[in-house]
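A.B. asks: no FASTA, just this:
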């Protein structure tokens, strides 16, 4: 008999909100408290766009060990720089556009005790699958280059990201995204308040190979 998988991706439910808020705090301890997603936010997300909310469950315990938050929007690539908290409607997802043709990654996090087990890859696969099912153009995200704080005194963000793209530096966030087919579009200064990435976001894009398939 084949052993059941150790982890499973499920759609987020309102009853997970408190656990998800604790997960958010564990994943982003240096993020400004005003920018962290709280339990009430998670309950709102499920109401606003249930299809875009996912969690990874440890099957043996039922514990939520990773999660992602997404919403639909339109993208003006000529004016892609923005602040995280504005993009996500103060974390309430009031910016969700039911007819938007892009999926925006508001958040993805894996509990520190469960990292490097492929859980982020599971979530990115789920997001890309959602884009395919909905016939969206693709998925975008303001990635946090969380390894940049080790290099901020010796190189500008552009040089750091270029080295990550070339595979010379392993960044906890960007390296995973690049391995899933995302491409760097540009840098976003003052994207959020977090010293681990010197407040930078990196605008990354995954384009659906066949965005019309599900329309």
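C.D. replies: Received the coordinates, thanks. Please read all numbers here as calculations on a predicted model, not as lab measurements. Residues are numbered from 1 along each chain as shown.
A.B. asks: Now do the strands for this structure: every range, in order, please.
C.D. replies: 7-11, 53-58, 63-73, 102-110, 138-143, 183-188, 201-207 (DSSP state E).
A.B. asks: Show me what counts as buried in the shortest one.
C.D. replies: Of the residues in strand 7-11, those buried under the neighbour-count criterion (16 or more other C-beta atoms under 10 Å) are 7, 9. Every C-beta, even on glycine, is put in place using the N, C-alpha and C of the backbone.
A.B. asks: What average pLDDT does that strand get?
C.D. replies: Strand 7-11 carries an average pLDDT of 96.
A.B. asks: For that strand, which outside residues touch it?
C.D. replies: Contact with strand 7-11 is made by 50-51, 53-59, 65, 117, 119, 122-123, 126, as judged by C-beta atoms under 8 Å, 6 or more residues apart in numbering.
A.B. asks: cutoff 7 Å now
C.D. replies: Applying C-beta atoms under 7 Å, 6 or more residues apart in numbering, the contact partners of strand 7-11 are 50, 53, 54, 55, 56, 57, 58, 59, 119, 122, 123, 126.
A.B. asks: List just the one of the strands of the chain that sits closest to residue 18.
C.D. replies: strand 63-73 (9.9 Å; C-beta to C-beta).
A.B. asks: And the contacts of strand 7-11, which of them are buried?
C.D. replies: The buried subset of these (16+ other C-beta under 10 Å) comprises 53, 54, 55, 56, 57, 58, 119, 122, 123, 126.
A.B. asks: Next up, the contacts around the last one.
C.D. replies: In other words, residue 126. Counting by C-beta under 7 Å, 6+ apart, residue 126 has contacts 9, 54.
A.B. asks: For it, give me the pLDDT.
C.D. replies: 96.
A.B. asks: and the angle for the longest helix that the chain contains with strand 201-207?
C.D. replies: Ordering each helix of the chain by length in residues (DSSP state H) puts helix 119-134 first. Angle of helix 119-134 versus strand 201-207, following axes from the mean of the first three to the mean of the last three C-alpha atoms, to 10 degrees, is 50 degrees.
A.B. asks: Tell me which residues of helix 119-134 come out buried.
C.D. replies: 119, 120, 122, 123, 124, 126, 127, 128, 130, 131, 132, 134.
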